[in-house]
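Participant: The following comprises the amino acid sequence and a computationally predicted model.
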Amino acid sequence: MRPIIEFCTNNMHFGTDEVMEKLEENPDYDVIEYGCLSNCGQCAMMPFAMVNGEIVDADSADELYEAIMAKIKELEAWDSLELD
């Protein structure tokens, strides 16, 4: 299953636009940008994204990228268990 990674336009001031662009380079990911993801409190406080509907956040954009990659690996591990 291809991971769906969603970003909020209002959160881009944390540098999540660079994270989004980096992830868009991978054709195996579905990266989507929305005007709002309805997580305004979190959006105002820290960088975040949603990976397959689950919130992933971090203290910086670089840490967010690493957290997103960790979440994707976790999801891939679950997918491989389900196939066994």
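Facilitator: Looks like it arrived, so ask away.
Participant: Pull the distance from the worst-scoring helix or strand of the chain on mean pLDDT to the chain's centre.
Facilitator: Ranked by mean pLDDT, DSSP states H and E, the weakest helix or strand in the chain is helix 61-83, scoring a mean of 89. Taking the mean C-alpha point of helix 61-83 and that of its whole chain, the gap between them comes to 10 Å (CA atoms, centre = their mean, to the nearest Å).
Participant: So for residue 4, what's the nearest residue that isn't a sequence neighbour?
Facilitator: The shortest distance from residue 4 to any non-neighbouring residue, by CB to CB, 6 or more residues apart in numbering, is to residue 30 (4.6 Å). All C-beta atoms are positioned from the backbone trio N, CA, C, and that covers glycine.
Participant: how near is the one you found to residue 49?
Facilitator: Distance from residue 30 to residue 49, counting by CB to CB, to the nearest Å: 12 Å.
Participant: ok, back up a step: burial of the residue nearest to residue 4, as a residue count?
Facilitator: The burial count assigned to residue 30 is 14, neighbours taken as other CB atoms under 10 Å.
Participant: cool, and residue 25?
Facilitator: The local packing of residue 25 (other CB under 10 Å) involves 8 other residues.
Participant: ok, now which ones touch it?
Facilitator: Under the criterion of CB atoms under 8 Å, 6 or more residues apart in numbering, residue 25 has no contact partners.
Participant: shared neighbours of residue 30 and residue 49, anything?
Facilitator: residue 5.
Participant: secondary structure class for the closest residue to residue 68 other than its chain neighbours?
Facilitator: Closest residue in space to residue 68, ignoring its immediate chain neighbours: residue 56 at 5.4 Å, by CB to CB, 6+ apart. For residue 56, the assignment made with DSSP: H, G, I helix; E, B strand; the rest coil gives strand.
Participant: Spit out the contact partners of the residue nearest to the spatial centre of the chain.
Facilitator: Centroid check for the chain by CA atoms, centre = their mean gives residue 49 as the closest residue, at 3.8 Å. Residues near residue 49 by CB under 8 Å, 6+ apart: 5-8, 11, 16, 19-20, 55-57, 64, 68.
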